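Undergrad: One predicted model, sequence on top.
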Amino acid sequence: MSDREEYDGPPVNVPPPPGWRVEAVALPGEPRRLPHQDHAAINAAEQRARLITHWITLVTVTLMFTVLIVGLLSA
């Protein structure tokens, strides 16, 4: 930081040379086709994941309430 409190303004803008242009961007090709998906297997995996999540939540909430009740009874 300098000790001056004046603002000199933004730096001087140097214009581009005459005839300068932005580089052209190549256009992408057609997108490829996605592979076939087994929707039944995907649904089954989601159902198993949901079941595991529900069981973990149930066990965690039960453990939380157990710790809370033990804490309140011992106080």
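TA: Sure, I can see it.
Undergrad: Low-confidence stretches in the chain?
TA: Residues of the chain that meet the criterion pLDDT under 70 lie in 1-4.
Undergrad: So which residues of it form strands?
TA: Here the chain has no strands by DSSP state E.
Undergrad: And the helices in it?
TA: Using DSSP state H, the helices found in the chain span residues 39-74.
Undergrad: Determine how far stretch 31-46 lies from the middle of the whole chain.
TA: Relative to its parent chain, stretch 31-46 has a centroid offset of 23 Å by Cα atoms, centre = their mean, to the nearest Å.
Undergrad: Can you give me the buried ones in it?
TA: Of the residues in stretch 31-46, none is buried by neighbour count under the rule 16 or more other Cβ atoms under 10 Å. No exception for glycine: its C-beta is placed from N, CA and C like everyone else's.
Undergrad: Number of residues surrounding residue 75?
TA: 5 (other Cβ atoms under 10 Å).
Undergrad: For stretch 51-70, what is the distance to the chain centroid?
TA: Centroid displacement of stretch 51-70 relative to its chain, using Cα atoms, centre = their mean, is 28 Å.
Undergrad: ok, residues contacting it?
TA: When contacts are defined by Cβ atoms under 8 Å, 6 or more residues apart in numbering, stretch 51-70 is touched by no residue outside itself.
Undergrad: hey, C-alpha coordinates of that stretch in PDB?
TA: The C-alpha trace of stretch 51-70 is given here as PDB (Å, rounded to 0.1, in the frame of the first residue of the first chain):
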ATOM      1  CA  LEU A  51     -34.400 -49.500   2.600                       C
ATOM      2  CA  ILE A  52     -30.800 -49.300   4.000                       C
ATOM      3  CA  THR A  53     -31.200 -45.600   4.600                       C
ATOM      4  CA  HIS A  54     -34.500 -46.100   6.500                       C
ATOM      5  CA  TRP A  55     -32.900 -48.800   8.700                       C
ATOM      6  CA  ILE A  56     -29.900 -46.700   9.500                       C
ATOM      7  CA  THR A  57     -32.100 -43.800  10.300                       C
ATOM      8  CA  LEU A  58     -34.300 -45.900  12.600                       C
ATOM      9  CA  VAL A  59     -31.300 -47.300  14.500                       C
ATOM     10  CA  THR A  60     -29.700 -43.900  14.800                       C
ATOM     11  CA  VAL A  61     -32.900 -42.300  16.200                       C
ATOM     12  CA  THR A  62     -33.400 -45.200  18.600                       C
ATOM     13  CA  LEU A  63     -29.900 -44.800  19.800                       C
ATOM     14  CA  MET A  64     -30.300 -41.100  20.200                       C
ATOM     15  CA  PHE A  65     -33.500 -41.400  22.300                       C
ATOM     16  CA  THR A  66     -31.800 -44.200  24.400                       C
ATOM     17  CA  VAL A  67     -28.900 -41.900  25.200                       C
ATOM     18  CA  LEU A  68     -31.300 -39.000  25.900                       C
ATOM     19  CA  ILE A  69     -33.400 -41.000  28.300                       C
ATOM     20  CA  VAL A  70     -30.300 -42.500  30.100                       C
END
